[in-house]
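**Student:** model this:
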Amino acid sequence: MLGAANGPVAVLSTALHVDSGTSSDDDDGLHDWARDMVKGVCCMVAVLGGVGNLLTLTAVPYASRCCRAPREVKRLRYSTATVFILNLAVADLLYCLVNLPLYYLQYSRPSLWRDPAHGFACPLAGVLRYTNAAADWMSLAGIAFNRCVCLLSIKWKGRIFGGWKSYVIIALIWLYGFLTQGLSLFQVYGEYGWNNLTRKCDFLKDGNGQPRTDWFLISWSIPCAVILVSYSLIFVKVKQSGRTILRSSKHQRMEHVEALLKTREDKTSRMIFVVFVTYCICVLPITVVNVADPYNKRPYVSIICYCIYWLQYCCNNIIYVVSNGVYRKAYIIFLTEVIPPLKRILKRPVSWQVRQSTAITTITGHTLSTRSFSPLSRQLQHTDSLRFCGESSARQAPGGERCAGAAAPGTGRKRSMTL
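**Tutor:** Now for the predicted structure:
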């Protein structure tokens, strides 16, 4: 094994001292438009995804500890869902700031990665990329599984995700990402190096099979199955709770009750559709290409599919964070505290400064008004919350978390937890 001086840092420093022209050693048979498209998409996603995920990693912890933040934002620090959201942001940020620049260099200066003097750089780049990708996909599955368990069973939510257990699951996700290609790393089944077929640092074919094909089949199918099953169970639960509320809300005006439940079901369906379709659109094409065309006989199809896949590292932050009203409030708190002129630009009091909340947040992250139908809203709050406790005292949930429905010390009001 070569020293750190022969790693990707050495390749990067060498590339910076080489002129921008393409030498004959770097002619890998690709047209200039394909190479330019790869480099352009890498730069765009690295900047947009890096900024968005870095903002999430700074805004959410800061806002959840801000003394002037509303209760729903402060509860983010106690929510197990926040742990998985931040882990996804870490995985996306690492891919944007580490693996996409390495992709850029591989398509800009392939001769540097073939150089024996940098022999350890190429295997290391491949290990980092595949570990990061597998952990990112499994993080999406972890978010879906967390939402499903928290909605279906209060008891199992505490047993699986309570306290330090969430962090153990996060560690296992990254360990899983490493183990998915551990056999190739130790040259038991294939190995890493410069692949002339895919024109990048990749798996090299083994005499017993194609490790790259097997990796994509396993790493895509497992998270896809978890996401599909988890959100299907969530949708079924929302439908069942809606029917229960309809049977127990005869004293309400039924047209308003039905409209409110229909809105909730539509938002849940839309959230599930967006999450699953985005995952399939971004990840499924590269899986199909690597499985159906293991020898990369259609390199331009592969390049286009990878450019689509990289967009996922921008979309994840929008789907899971920006689309959630509570996380948007955390963004506003952080930005207005760090950049005070934003308060004047808004020309109105920011929403998080309003102390009395008149809305509840459902599993979709959207808010429902509680002004008109307080009995119905309390039932929705019960069926859509992570916790529901008695009014008499504050109880401790498994793992040391305060129960979301319990009254805070010194107050007579109940609290709700967003999903």
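
**Student:** Which residue ranges of the stretch 101-250 of the chain form helices?
**Tutor:** In the stretch 101-250 of the chain, the segments counted as helices under DSSP state H, counting those that start in this stretch are 110-114, 121-152, 154-161, 165-179, 182-185, 211-247.

**Student:** Tell me which of the ones you listed sits most buried.
**Tutor:** helix 121-152 (a mean of 23; mean count of other CB atoms under 10 Å). For glycine as for every other residue, the C-beta is placed from the backbone atoms N, C-alpha and C.

**Student:** Let me see the backbone angles for residue 293.
**Tutor:** Dihedral pair for residue 293: phi -130, psi 70, per degrees, to the nearest 10.

**Student:** for it, what are its contacts?
**Tutor:** Counting by CB atoms under 8 Å, 6 or more residues apart in numbering, residue 293 makes contact with 301, 302.

**Student:** So it versus residue 232, what's the distance?
**Tutor:** Distance of residue 293 to residue 232, given as CB to CB, to the nearest Å: 31 Å.

**Student:** Could you do residue 225 as well?
**Tutor:** For residue 225 relative to residue 232 (CB to CB), the value is 11 Å.

**Student:** just residue 114 next, same as before
**Tutor:** In this view, residue 114 and residue 232 are 47 Å apart by CB to CB.

**Student:** before we move on, what about residue 100?
**Tutor:** Applying CB to CB to residue 100 and residue 232 gives a distance of 33 Å.

**Student:** Check the residue nearest the centre of the chain and give its pLDDT.
**Tutor:** In the chain, the residue lying closest to the centroid (CA atoms, centre = their mean) is residue 88, at 3.8 Å. Turning to residue 88, the model gives it a pLDDT of 94.

**Student:** Run through the residues that contact it.
**Tutor:** 136, 139, 140, 143, 316, 320.

**Student:** Out of the residues you listed, which one has the lowest pLDDT?
**Tutor:** residue 320 (86).

**Student:** Not counting its neighbours along the chain, what's nearest that residue?
**Tutor:** Distances taken as CB to CB, 6 or more residues apart in numbering place residue 85 nearest to residue 320, at 5.7 Å, with adjacent residues excluded.

**Student:** Hmm, that neighbour is touching residue 323, no?
**Tutor:** No. At 11.7 Å, residue 85 does not count as touching residue 323 under the criterion of CB atoms under 8 Å.

**Student:** the strands in this structure, which residues?
**Tutor:** With strands called from DSSP state E, the chain shows them at 191-195, 200-204, 359-361, 367-369.

**Student:** The second one pairs with which strands?
**Tutor:** In this case it means strand 200-204. Strand pairing for strand 200-204, using DSSP bridges, gives strand 191-195 (antiparallel).

**Student:** Let me see the mean pLDDT of the strand it pairs with.
**Tutor:** When pLDDT is averaged over strand 191-195, the result is 87.

**Student:** going forward can the numbers begin at 25, since that is how I track them
**Tutor:** All set: I'll call the first residue 25, so the last point we hit is now strand 215-219.

**Student:** quick one: it to helix 145-176, angle?
**Tutor:** Counting by axes from the mean of the first three to the mean of the last three CA atoms, to 10 degrees, strand 215-219 lies at 120 degrees to helix 145-176.

**Student:** What is the longest helix along the chain packed up against?
**Tutor:** Longest helix in the chain, counting residues (DSSP state H): helix 278-316. Under the contact definition 3 or more CB pairs under 8 Å, 6 or more residues apart in numbering; DSSP states H and E, helix 278-316 sits against helix 145-176, helix 235-271, helix 323-334, helix 336-341, strand 391-393, helix 398-408.

**Student:** Reformat these as CSV; add distance to residue 291.
**Tutor:** Listed next are these as CSV, based on distance: least, CB to CB, whole Å:
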stretch, distance to residue 291
helix 145-176, 14
helix 235-271, 10
helix 323-334, 27
helix 336-341, 19
strand 391-393, 9
helix 398-408, 11
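
**Student:** closest one to residue 65 among the ones you listed?
**Tutor:** helix 323-334 (4.4 Å; CB to CB).
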